[in-house]
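Asks: give me a model of this one.
(chains A and B)
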Amino acid sequence: GAVVSQHPSRVICKSGTSVKIECRSLDFQATTMFWYRQFPKQSLMLMATSNEGSKATYEQGVEKDKFLINHASLTLSTLTVTSAHPEDSSFYICSAPPGTGRYNEQFFGPGTRLTVL
Amino acid sequence: AQSVAQPEDQVNVAEGNPLTVKCTYSVSGNPYLFWYVQYPNRGLQFLLKYITGDNLVKGSYGFEAEFNKSQTSFHLKKPSALVSDSALYFCAVRAAGGYNKLIFGAGTRLAVHP
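Replies: Predicted coordinates:
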């Protein structure tokens, strides 16, 4: 199946710093990518839909100035957590459906564990 | 509003026994349903999907799921569980509108005991 990578796999940072997480589709082009947040033993919460060449669409309650998303190419989307605080500590996962077909399953990255001290 | 329910937080099964992980859904229009599995500290892996056609869908690792329109269910099944099947399982439905957005259930932790 299609492969989605994320970098870094884990990051520890100090409160107040910004952290950038990359999501890449390795063997397909993705006009759309999705960013999720997962708390321990909980389901995935969709944060935003990343659209290549245009602004991201954020879910209700997600601060767009806090979680900056850039989808500059058909294979790369980035999530930047700005001025991170301990409550931003979480597991962040991206996904992408290969192609634009409405029946396509999404392929998920391995996730990034963010710990803010 | 579209939603997915996984009524069991955890399912315990002995190795070699059949397993079922339950999922019910609520959608407007035709449902497009998916099952994913998540191993510890990993992203989700696609298992199978139902779009249309045969109600019994076969997927990866010997899993299958049965679509039941009258009961609005899409239960995941496997005839003989393995210890390595122990993981977190998510049912999802494609949201209405564009972008292939998925709505996930809360997840069910499957524990297969030797």
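Asks: how many residues are close by residue 111?
Replies: This is for chain A. A:G111 has 22 neighbours, counted by other Cβ atoms under 10 Å in any protein chain shown. The C-beta positions use only the backbone N, C-alpha and C, and glycine is treated the same way.
Asks: um, chain B though
Replies: Neighbour tally, B:A111, other Cβ under 10 Å: 13.
Asks: ok, A:I69 next?
Replies: A:I69, neighbours per other Cβ under 10 Å, totals 24.
Asks: looking at strand pairing, list the partners for it.
Replies: A:L79 (DSSP bridges).
Asks: ok, what's across the strand from B:H113?
Replies: The partner residues for B:H113, given DSSP bridges, come to B:A14.
Asks: that one contacts B:E15, correct?
Replies: Yes: using Cβ atoms under 8 Å, B:H113 is in contact with B:E15, at 6.5 Å.
Asks: pick out whichever of these two has more residues nearby.
Replies: The neighbour comparison of B:H113 against B:E15 (other Cβ under 10 Å) goes to B:E15, with 14 against 11.
Asks: test my guess that that one contacts B:S86.
Replies: No: with contacts counted by Cβ under 8 Å, B:E15 stays clear of B:S86, the gap being 9.7 Å.
Asks: overlap in contacts, those two.
Replies: Common contact partners of B:E15 and B:S86 (Cβ atoms under 8 Å, 6 or more residues apart in numbering or on different chains): B:V112.
Asks: so what sits against both of B:H113 and B:E15?
Replies: Joint contacts of B:H113 and B:E15 (Cβ under 8 Å, 6+ apart) are B:V83.
Asks: dump the residue contacts of the residue in chain B positioned nearest to chain A.
Replies: Using Cβ to the nearest Cβ, the single residue of chain B nearest to chain A is B:G43, 3.7 Å away. Taking Cβ under 8 Å, 6+ apart, we find B:G43 in contact with A:V4, A:Q6, A:I93, A:S95, A:F108, A:G109, A:P110, A:G111.
Asks: show me the contacts for the spatially most central residue of chain A.
Replies: Geometric centre of chain A, nearest residue: A:W35, 3.4 Å, by Cα atoms, centre = their mean. Contacts for A:W35 were tallied using Cβ under 8 Å, 6+ apart; they are A:C23, A:L46, A:M47, A:A48, A:S50, A:F67, A:I69, A:S77, A:L79, A:Y92, A:I93, A:C94.
Asks: point me to the residue of chain A nearest chain B.
Replies: With Cβ to the nearest Cβ as the measure, A:F108 is the residue of chain A nearest to chain B, at 3.7 Å.
Asks: which residue sits closest to that residue, ignoring its sequence neighbours?
Replies: B:G43 (3.7 Å; Cβ to Cβ, 6 or more residues apart in numbering or on different chains).
Asks: with A:M45 instead?
Replies: A:R37 (4.9 Å).
Asks: just the CA atoms of the strand or helix carrying the one you found, as PDB, please.
Replies: Element membership for A:R37 (DSSP states H and E) is strand A:32-38. Extracted in PDB, the C-alpha atoms of strand A:32-38 (Å, rounded to 0.1, in the frame of the first residue of the first chain):
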ATOM      1  CA  THR A  32      -5.300  16.600   0.600                       C
ATOM      2  CA  MET A  33      -3.700  15.500   3.900                       C
ATOM      3  CA  PHE A  34      -5.300  15.300   7.300                       C
ATOM      4  CA  TRP A  35      -3.900  16.100  10.800                       C
ATOM      5  CA  TYR A  36      -5.100  14.300  13.900                       C
ATOM      6  CA  ARG A  37      -4.400  14.500  17.500                       C
ATOM      7  CA  GLN A  38      -4.700  11.500  19.800                       C
END
